[in-house]
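Engineer: Next comes the sequence, and after it the predicted model I'd like to discuss.
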Amino acid sequence: MAQLHGAAFEHERSWSAEEFATLIAQPYTNAFCAPDGFALTRTLAGESELLTLAVDPAFRRHGIARGLLDRWLVTLRDTTDTAFLEVAADNTGAIALYEKLGFDRAGLRRAYYARKNRPAADALIMTKALT
């Protein structure tokens, strides 16, 4: 996961193998995996957060992210009120996908994503009502 995350987020600080191991070991955390991508989520108290979604850059725009998100959202039926996520405000492809899946823009975190050799990027907070 750490290697794939590093490739998917080449301009941002990627997560280490230790960070992934710690996250996966925590209660309420779920991993959704595909051969060329994965999603990590945390669901608790009627809310579910997409912690990260990574797809190998060579396999983007092949439906992998959509499939992972669909799998996540299906698990939330009848048990969760809201799904939410943060996405870099300049990641137009991801924002378009989230909007197609019914996520709405709910807020903005200024300079949230640290970037390597580039200015920090704002994060859009997006939510989807599930009930």
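Structural biologist: Yep, it's here. Numbering: from 1, shown residues only.
Engineer: what number of residues lie near Ala7?
Structural biologist: The burial count assigned to Ala7 is 14, neighbours taken as other Cβ atoms under 10 Å. All C-beta atoms are positioned from the backbone trio N, CA, C, and that covers glycine.
Engineer: hmm, who's touching stretch 121-131?
Structural biologist: Stretch 121-131 is contacted from outside by 12, 73, 76-77, 80-90, 95, 98-99, 101-113, 115, using Cβ atoms under 8 Å, 6 or more residues apart in numbering.
Engineer: Show me what counts as buried in it.
Structural biologist: Ala121, Asp122, Ala123, Leu124, Ile125, Met126, Thr127, Lys128, Leu130 (16 or more other Cβ atoms under 10 Å).
Engineer: I figured Ala34 hits Ile64, correct?
Structural biologist: Yes: in terms of Cβ atoms under 8 Å, Ala34 counts as a neighbour of Ile64; the distance is 5.3 Å.
Engineer: between those two, which one's more packed in?
Structural biologist: Using other Cβ under 10 Å, the more surrounded residue of Ala34 and Ile64 is Ile64, with 20 against 17.
Engineer: which ones are touching the closest residue to the more buried one other than its chain neighbours?
Structural biologist: Excluding its sequence neighbours, the residue lying closest to Ile64 (Cβ to Cβ, 6 or more residues apart in numbering) is Gly37, at 4.2 Å. Going by Cβ under 8 Å, 6+ apart, Gly37 touches Leu4, Ala8, Leu53, Ala54, Val55, Asp56, Phe59, Ile64, Ala65, Leu68.
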